[in-house]
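In: with the input below, show me the fold.
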Amino acid sequence: MEPREIIEVTMPARPDPRWEHMSGGIDESGCVLPMSFEALEALTTEWVAIVPGGESPEGALALLRTARSLFAHAWFDYEFMAVACLVGFQALEAAFRRLYPEVKESTSLRKLVKRAREEEVLPPDIADVADTGVELRNLMSHPASAAAFTVGMAAPMLENTHRLVALLLSAVVARE
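Out: Model (predicted):
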C-alpha cells in the first residue's frame, strides 16, 4: 500500500464582508471609523473589568472569556456574534450552578433564576433581565436555522451576562 499524499488546506483570515459598511466608532474629530477586529476586541476589554478575576481558566469565567473571543472573532465569521451570546448564557448557567451546587444537574436555568429571585440574590429588575436571558438562551439552543446578531444586539447581551455572572459570583463569595 502506497502512502497517501497529505494535502494541507488553510482558510485565509479575511474579514467577513458584512462588516464593510459598519461603523467602528467615531474619532476625536467626529469622523466615522471603519469597523475592525480591534474595535470589536476593545469592546470586550470593557467587559473583563466587570467580573473580578475575569481571566480565570475554569467555570463561568472561562466561558465568558470564550464568549469575548468569539465576539471579537466575529470579524472573520459574522455568525460568531450569536454564538458568543449563547456561550455567555452558558456562563450565566455555570455561575448559577456554582451558587447552588446542591441542585440536580437536571434543574432548569429558569428554576435557578426563580430561586435567586425568591432568595433576593437577584433584585426583581435584575431577575427580569436574567429571565430574558433564559428565554434567549432557550431560543438559541433550539434553532431552526443559523442566527446573525448585530453588534447592537450582541454587545448589550454580553455586557449584561458579565454583570449577572459578577453578581452571582459575588453571592458565592459572600456565602463562603
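
In: quick check: buried residues in the helix or strand of the chain with the lowest mean pLDDT?
Out: In the chain, the helix or strand scored least confidently by mean pLDDT, DSSP states H and E is strand 23-26, which has a mean of 90. Along strand 23-26, these residues count as buried under the neighbour rule (16 or more other C-beta atoms under 10 Å): G24. The way it works is simple: take the backbone N, C-alpha and C, and place the C-beta from them, glycine included.

In: from one end of stretch 137-155 to the other, what's the distance?
Out: One end of stretch 137-155 sits 15 Å from the other (C-alpha to C-alpha, to the nearest Å).

In: neighbours around T44, how many?
Out: For T44, the count of nearby residues is 22 (other C-beta atoms under 10 Å).

In: pretty sure L86 is touching G133, no?
Out: No. With contact defined as C-beta atoms under 8 Å, L86 and G133 do not form a contacting pair (10.8 Å).

In: who has more neighbours out of these two?
Out: Higher neighbour count among L86 and G133: G133, with 21 against 18, using other C-beta under 10 Å.

In: OK, contacts around that one?
Out: G133 is in contact with F89, L92, M157, N160, T161, L164, counting by C-beta atoms under 8 Å, 6 or more residues apart in numbering.

In: go with 7 Å
Out: By C-beta atoms under 7 Å, 6 or more residues apart in numbering, the residues touching G133 are F89, L92, T161.

In: quick check: buried residues in the host helix or strand of it?
Out: Assigned by DSSP states H and E, G133 belongs to helix 124-141. Buried positions in helix 124-141, judged by neighbour count with 16+ other C-beta under 10 Å: I126, A127, V129, A130, D131, G133, V134, L136, R137.

In: no more questions from me, cheers.
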